[in-house]
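Trainee: Below is the sequence, then the predicted model.
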Amino acid sequence: MDTRTNIADVVGKEGQDVTVFGWVHARRDHGKLIFIDLRDRSGLVQVVFGPKIAGASDLRLEYVVKVTGTVNRRPENMVNDKIPTGHHEIFASGLEILNASKEMPIPVDTDGYDINEERRLTYRYLDLRRERLAKNLAFRHETIAFIRNFLNEQGFYEVETPNLTRSTPEGARDYLVPSRVQKGNFYALPQSPQQYKQLLMVAGVEKYFQIARCFRDEDTRGDRQPEFTQLDMEMSFVEEEDVLRLNEELLVALVKKVAPEKKIQEIPFPRLTYKEAMEKYGTDRPDLRTDTHDPNLLAFCWVIDFPFFEKTDGGGWTFTHNPFSAPKPEFMEDLLAKRNIGGILTTQYDVAMNGLEIGGGSIRNHRPEALEAVFEVMGFEKERIRRNFGHMLEALGYGAPPHGGIAWGLDRLISLLRAEPNIREVIAFPKTGDGRDPMMGSPAEVDAAQLKELGIAIEKKEQKNN
Ligand code: ASP
């Protein structure tokens with residue numbers, strides 16, 4: 001193909017011949033002259049076709065074309081201030097239609113908020129053509145690229161951990177994957193890489209991060225997705241203060257780079273104990289903004305010193321956040337002696353922004369007896385502890401370093417920085433509120449032969465209601 005000029009770059013090529021590729025975004029037929037707005041990933045430019053250009057009258061919305069022509073400055077009264085190339089246009093000398101398009105099932109030249117979501121997701125590959133979503137994807141890319149560079153410079157390794165793993169007790173229901181080879185056994189999709197990242201600390205990795213996909217089979221409430229992305233981190237030889245400081249530094253630098261129009265209300269981020277937050281704001285993720293009318297104001301805060309355990313309905317104890325957390329050092333004796341259970345505070349820290357939780361983590365129990373005590377407090381029998389967590393207790397017994405970490409809900413953070421009402425707007429291929437992908441048609445039935453291979457029988461087929 002000819003050397004391609006990105007549409008955004010035509011402004012620097014006045015008087016020159018260029019070849020541009022893209023989609024017909026808009027079309028105005030003035031008889032002798034046909035005008036189109038041509039779109040590529042970089043932007044829009046007006047193209048003018050005179051009567052001699054074959055094929056110009058055939059152009060329709062979203063046709064894919066190659067246009068050769070001269071970049072001209074538009075007369076002053078024809079300038080379009082709404083687009084960056086608005087002082088220029090391309091006077092076409094050649095046109096090639098690379099592909100036609102059927103009539104579009106949804107418009108892509110609007111912000112799309114008013115279009116039925118089922119339809120948007122059925123045609124997500126078209127929905128993503130709209131400028132708003134294209135910008136969201138670009139923003140997401142920049143965010144992740146910035147995080148990768150930042151953490152790389154701080155000496156972190158990016159390590160991938162398995163998606164086929166085993167059920168862990170992190171509070172939500174697991175997605176299960178049947179094993180064909182070990183019939184009757186199941187993998188679980190990870191709710192988070194929690195155990196693997198701790199095992200990487202035992203392995204001596206010292207500083208780990210991952211842009212990690214997490215899976216939780218929860219009843220989808222509003223802003224939740226069955227699979228979502230975390231920035232997951234773990235560090236060895238650190239205390240709470242080190243993790244907070246590094247994350248705060250990263251958040252501040254990130255906002256400055258990718259969303260410079262935003263203003264962070266207070267740096268260092270205020271820190272509240274759980275008790276203070278509840279007494280003062282009635283929530284453990286308070287909105288500390290002093291001016292809620294300012295859409296560019298970001299009020300981050302840390303919430304610390306959470307109770308480790310809470311009562312279950314059955315009168316026993318369960319963890320409030322993460323069973324792998326360590327208690328605050330002054331409560332270690334209580335944990336090991338299993339006394340003062342309700343009073344034990346954990347090293348858990350959460351980071352909230354404008355009233356929403358965007359991350360959380362803790363310092364972990366790096367000694368096996370402390371982790372075992374947590375499960376004992378929860379009433380687990382020795383045998384169950386060994387069965388479910390034997391590998392963790394075993395691993396901690398081989399010189400596990402003190403360690404701690406955190407995970408951010410990346411979709412949520414990005415949607416907030418983009419002022420999007422929902423994380424679905426910043427995920428390329430999200431599921432509907434009830435966990436379906438109408439484009440792929442998932443979840444879907446599978447062949448009887450596939451089930452047979454897995455040794456699985458479906459109890460009873462439920463009536464399909466859509
Ligand atoms: N694994 C935890 C979570 O997913 C985060 C952490 O403690 O690092 O919430």
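Mentor: Sure, I can see it. Residues are numbered from 1 along each chain as shown.
Trainee: Return the set of buried residues in the longest strand seen in the chain.
Mentor: With secondary structure taken from DSSP state E, the chain has its longest strand at strand 17-30. Buried residues in strand 17-30, counted by 16 or more other CB atoms under 10 Å: 18, 19, 20, 21, 22, 23, 24, 25, 27. (C-beta placed from N, C-alpha, C; glycine too.)
Trainee: these two touch, right, the third one and residue 67?
Mentor: Yes. The pair formed by residue 20 and residue 67 meets the contact definition of CB atoms under 8 Å, at 5.3 Å.
Trainee: Which residues are in contact with each of those two?
Mentor: Listed as contacting both residue 20 and residue 67 by CB atoms under 8 Å, 6 or more residues apart in numbering are 38, 47, 90.
Trainee: How about the last one, nearest residue that isn't a chain neighbour?
Mentor: Nearest-residue entry for residue 90: residue 69, 4.2 Å, with adjacent residues in sequence omitted and distances by CB to CB, 6 or more residues apart in numbering.
Trainee: Who does the one you found form a beta bridge with?
Mentor: On the basis of DSSP bridges, residue 69 is bridged to residue 18, residue 92.
Trainee: How many neighbouring residues does the closest residue to the ligand within the stretch 151-300 of the chain have?
Mentor: For the stretch 151-300 of the chain, the residue closest to the ligand is residue 192, as judged by CB to the nearest ligand atom, at 3.3 Å. Other residues near residue 192 come to 20 when the count uses other CB atoms under 10 Å.
Trainee: pLDDT score for it?
Mentor: Per-residue pLDDT puts residue 192 at 95.
Trainee: so residue 21 touches residue 47, yeah?
Mentor: No. The criterion here is CB under 8 Å, and residue 21 misses it with residue 47 at 11.7 Å.
Trainee: shared neighbours of those two, which are they?
Mentor: Shared contacts of residue 21 and residue 47 (CB under 8 Å, 6+ apart): residue 67.
Trainee: And the helices in the stretch 301-450 of the chain, which stretches?
Mentor: Counting by DSSP state H, counting those that start in this stretch, the stretch 301-450 of the chain has helices at residues 332-337, 368-377, 382-396, 410-417, 448-454.
Trainee: mean confidence for the shortest one?
Mentor: This means helix 332-337. 98.
Trainee: about what we covered before: what is the longest strand of the chain packed up against?
Mentor: strand 33-40, strand 43-49, strand 64-73, strand 88-99 (3 or more CB pairs under 8 Å, 6 or more residues apart in numbering; DSSP states H and E).
Trainee: returning to what we had before: now distance to the ligand too, for the helices of the stretch 301-450 of the chain, in CSV please.
Mentor: Shown next, in CSV, are the helices of the stretch 301-450 of the chain (distance: least, CB to the nearest ligand atom, whole Å):
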stretch, distance to the ligand
helix 332-337, 18
helix 368-377, 14
helix 382-396, 13
helix 410-417, 12
helix 448-454, 29
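Trainee: To residue 227, which of those helices lies closest?
Mentor: Of all the helices of the stretch 301-450 of the chain, helix 410-417 sits nearest to residue 227, with 9.8 Å by CB to CB.
Trainee: Which strands or helices does that closest one pack on?
Mentor: Counting by 3+ CB pairs under 8 Å, 6+ apart, helix 410-417 packs on helix 131-153, strand 227-236, strand 356-363.
Trainee: In CSV: the ones you listed, plus distance to residue 278 and mean pLDDT.
Mentor: Formatted as CSV, these follow (distance: least, CB to CB, whole Å; pLDDT from 0 to 100):
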stretch, distance to residue 278, mean pLDDT
helix 131-153, 31, 98
strand 227-236, 26, 98
strand 356-363, 14, 97
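Trainee: Just name the most buried of the ones you listed.
Mentor: Compared across these, strand 227-236 shows the largest average neighbour count, a mean of 23 (mean count of other CB atoms under 10 Å).
Trainee: Could you identify the helix or strand that succeeds that one?
Mentor: Using DSSP states H and E, the helix or strand that follows strand 227-236 towards the C-terminus is helix 240-258.
Trainee: which residues touch the closest residue to the ligand within the stretch 251-400 of the chain?
Mentor: In the stretch 251-400 of the chain, the residue that lies nearest the ligand is residue 361 (3.8 Å; CB to the nearest ligand atom). Contacts for residue 361 (CB under 8 Å, 6+ apart) come out as 233, 243, 322, 348, 349, 404, 405, 406, 407.
Trainee: cool, residue 192 as well?
Mentor: Going by CB under 8 Å, 6+ apart, residue 192 touches 170, 212, 214, 230, 232, 407.
Trainee: Wait, a strand at the second one?
Mentor: Yes. Secondary structure of residue 212 (DSSP: H, G, I helix; E, B strand; the rest coil): part of a strand.
Trainee: For it, list the residues it contacts.
Mentor: 161, 190, 192, 193, 229, 230, 231, 232, 407.
Trainee: Likewise for the last one?
Mentor: Residues near residue 407 by CB under 8 Å, 6+ apart: 192, 212, 230, 231, 232, 233, 359, 360, 361.
Trainee: 10 Å instead, please
Mentor: Neighbour list for residue 407: 192-194, 197, 209-210, 212, 214, 229-234, 322, 359-361 [criterion: CB atoms under 10 Å, 6 or more residues apart in numbering].
Trainee: How about the fourth one?
Mentor: For residue 230, the contacting residues are 192-193, 209-214, 359, 406-412, taking CB under 10 Å, 6+ apart as the criterion.
Trainee: if you set the cut-off to 7 Å instead, what comes out?
Mentor: Residues counted as contacts of residue 230 (CB atoms under 7 Å, 6 or more residues apart in numbering) are 192, 212, 214, 407, 408, 409, 410.
Trainee: All the helices of the stretch 151-300 of the chain, in order from the start?
Mentor: Listed in chain order, the helices of the stretch 151-300 of the chain (DSSP H, counting those that start in this stretch) span 194-202, 240-258, 274-281.
Trainee: Can you tell me which of the helices of the stretch 301-450 of the chain is packed in deepest?
Mentor: Highest mean neighbour count of the helices of the stretch 301-450 of the chain: helix 410-417, a mean of 22 (counted as mean count of other CB under 10 Å).
Trainee: mind putting the helices of the stretch 151-300 of the chain in a markdown table, mean neighbour count and distance to residue 268 included?
Mentor: A markdown table is the format used below for these (neighbours: other CB atoms under 10 Å; distance: least, CB to CB, whole Å):
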| stretch | mean neighbour count | distance to residue 268 |
| --- | --- | --- |
| helix 194-202 | 22 | 26 |
| helix 240-258 | 17 | 6 |
| helix 274-281 | 15 | 16 |
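Trainee: Which one of these lies nearest to residue 131?
Mentor: Closest among the helices of the stretch 151-300 of the chain, using CB to CB: helix 240-258, at 17.7 Å.
Trainee: near the ligand at all, that closest one?
Mentor: No. Judged by CB under 6 Å from any ligand atom, helix 240-258 makes no contact with the ligand; its nearest approach is 9.3 Å.
Trainee: Ok, stretch 398-408 next?
Mentor: Yes. Applying CB under 6 Å from any ligand atom, one finds stretch 398-408 touching the ligand at 405, 406, 407.
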